[in-house]
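# Quick one: sequence plus predicted model below, questions after.
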Amino acid sequence: MKLVTALDIGTSKVIALVGEIDNYGELHVIGLGEAPSKGIDRGYVTRLDLAVNSVVSAIKEAQEMAGVKLATVVLGISGTTLKSQNEKDAISISSQPVEIDYSHVERLVDRAVMRSREEGYEILSAIPRKFILDEQEGVIDPIGLLGSKISAEVHVVKVGTSLLKNTEKVVINAGMEIIGKFLSPLASAEAVLTQEEKEEGVLMVDMGAGLTDFVVYSEGSILFTGCVPMGGMNITKDIAHFMKINSEQAERIKIESGHALADVVSEAERIKIKPRGEEREVTVSRKQLAEVIQIRIEEIMERLADILSQQSIDLNTLHAGIVITGGSSKLAGMREFMERYFDLPVRIGYPIGIIGLKEKVQDPAYATAVGLIKLAYKNLNIGKKSVVQKSTDKRAENTSSLSIILAKLKYFFKDIM
Ligand SMILES: Nc1ncnc2c1ncn2[C@@H]1O[C@H](COP(=O)(O)OP(=O)(O)OP(=O)(O)O)[C@@H](O)[C@H]1O
Ligand SMILES: [Mg+2]
């Protein structure tokens with residue numbers, strides 16, 4: 001077994017989580033560091049020195065708790081520049097059916113990566129799904145089967161090059177080596193979704209402070225990844241603006257008295273605030289507070305629904321419904337709001353399979369960090385004998401994204417865990 005440190009650089013906080021996964025797939029957390037995010041806004045670095053300090057603080061705290069020197073991290077990447085697409089492709093192998101091996105799948109992935117290249121973007125992951133072997137559809141894993149033609153859809157995710165490079169620079173300047181990069185929403189999904197939900201079809205929404213990332217799974221694999229560049233921070237700003245209070249107070253009343261559904265809050269409930277320029281506290285209706293919150297959440301979900309409908313994704317086909325995670329999923333009434341808005345079953349996604357610091361880490365705000373450790377174990381071959389050699393494919397290397405290779409290995413490793 002080997003320790004892995006996950007680094008989640010969010011809009012509100014930086015988390016460094018140190019842990020190892022046992023043979024039963026349980027995560028033993030032995031270190032946790034958390035620092036307020038400074039110099040970072042929705043994945044972008046806005047001030048290098050402050051961002052580096054935030055990472056250094058989180059790592060230092062985690063290191064002290066774990067009692068070991070930390071040198072490497074697995075990094076979560078997210079941001080407003082996130083783009084995903086599904087590339088369909090087919091390759092003819094031979095006139096007579098032959099055994100499909102890794103290299104055939106690798107070729108499909110490589111071709112999708114080549115076609116998805118775009119100036120100003122880096123490809124972060126390429127995951128094959130929906131295999132068709134000759135005429136047979138619905139092949140889950142073609143390796144070892146016989147066929148003369150194989151086709152697949154490859155889910156490719158890209159992020160803006162400068163966003164990625166600047167985030168990497170922050171981590172390197174903080175003295176850490178990056179051993180893996182994964183998309184933050186994929187990490188969150190890894191932490192909170194069950195395999196059954198992925199098979200049945202599910203929408204996972206990670207609503208943080210600045211971003212609402214989401215992933216759609218259908219038939220066991222990723223169908224779409226997207227991001228709405230708004231989150232809990234926008235709700236706090238609205239409250240501050242509307243109630244003429246500072247953002248610290250707005251954040252506090254949102255957490256203590258906020259609600260996502262105005263019509264379930266009684267008219268009679270009052271809360272105390274101290275507006276700017278007022279000598280004393282005044283009371284306002286809690287319903288009014290909920291109205292301000294609800295409007296913003298509606299806007300975020302409307303944008304999310306628009307993105308899905310542009311992709312022709314029909315939510316009614318997602319039989320497992322919606323799983324919400326991220327800090328903002330803890331807002332009172334959030335689950336009910338989502339249920340009503342999308343007319344689907346909704347649950348809150350708590351990271352699963354955790355031993356050690358469970359009370360603290362089993363929190364939706366830690367989903368990304370927990371998932372990063374899980375993804376690292378699945379993809380980076382940590383603590384296992386090497387099963388597949390790393391690809392030496394020059395084209396893949398040229399994309400400067402280790403994760404492409406890793407994403408391919410994810411496919412290879414998926415049943416080895
Ligand atoms: N109990 C609560 N009720 C309402 N909102 C909450 C609650 N607890 C946390 N939040 C909100 O959750 C947000 C932080 O969530 P999270 O830690 O997932 O974000 P992040 O990862 O830092 O940011 P992002 O992923 O958007 O870059 C903040 O906006 C905070 O106000
Ligand atoms: Mg986050």
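Cool, got the structure. Numbers count the residues shown, from 1 in each chain. Ligands and ions are numbered 1, 2, ... in the order given.

# going forward, measure contacts between C-alpha atoms and count neighbours the same way
Noted.

# Which of the three states applies to residue 64?
helix (DSSP: H, G, I helix; E, B strand; the rest coil).

# so who does it touch?
Each residue near residue 64 by CA atoms under 8 Å, 6 or more residues apart in numbering is listed here: residue 31.

# Distance-wise, check residue 364 relative to ligand 1.
7 Å (CA to the nearest ligand atom, to the nearest Å).

# ok, that residue - contacts?
Taking CA under 8 Å, 6+ apart, we find residue 364 in contact with 325-327, 329-330, 348-351.

# Show the pLDDT at it.
With respect to pLDDT, residue 364 has a value of 98.

# so residue 365 makes contact with residue 331?
No. Applying CA atoms under 8 Å as the test, residue 365 and residue 331 come out as separate, 11.7 Å apart.

# From the neighbour counts alone, determine which of those two ranks first.
Set residue 365 next to residue 331 and count neighbours by other CA atoms under 10 Å: residue 365 wins out with 27 against 17.

# Now do the contacts for residue 101.
142-144.

# Quickly note the distance from residue 331 to residue 146.
Distance, residue 331 to residue 146, using CA to CA, to the nearest Å: 51 Å.

# Ok, residue 17 next?
Separation of residue 17 from residue 146 (CA to CA) stands at 43 Å.

# more crowded one of these two?
Applying other CA under 10 Å to residue 17 and residue 146 shows that residue 17 carries more neighbours, namely 30 against 16.

# I'd like to know which elements the host helix or strand of residue 5 is packed against.
Using DSSP states H and E, residue 5 maps to strand 4-9. Under the contact criterion of 3 or more CA pairs under 8 Å, 6 or more residues apart in numbering; DSSP states H and E, strand 4-9 touches strand 13-21, strand 72-77, helix 367-379.

# now the helices for the stretch 51-200 of the chain?
Per DSSP state H, counting those that start in this stretch, the stretch 51-200 of the chain has helices spanning 102-116, 161-173, 184-192, 195-200. These are given in chain order.

# between those, which one is nearest to ligand 2?
Closest approach to ligand 2 among the helices of the stretch 51-200 of the chain (CA to the ion): helix 184-192, 7.2 Å.

# So which helix or strand of this protein has the lowest pLDDT on average?
Every helix and strand in the chain was compared by mean pLDDT, DSSP states H and E; the lowest is helix 394-398, with a mean of 36.

# Look up the pLDDT of residue 381 for me, please.
Per-residue pLDDT puts residue 381 at 69.

# Same question for residue 1.
54.

# For the residue of the stretch 151-300 of the chain at minimum distance from ligand 2, give its distance to residue 301.
Going by CA to the ion, ligand 2 is nearest to residue 208 of the stretch 151-300 of the chain, at 4.8 Å. Per CA to CA, residue 208 is found 13 Å from residue 301.

# more crowded one of the two?
Remark: of residue 208 and residue 301, residue 208 carries more neighbours, 24 against 17, as counted by other CA under 10 Å.

# hey, what's residue 282 bridged with?
Judged by DSSP bridges, the bridge partners of residue 282 are residue 273.

# Just to check, it is in contact with residue 270?
No. Residue 282 sits out of contact with residue 270 when judged by CA under 8 Å, with a separation of 9.7 Å.
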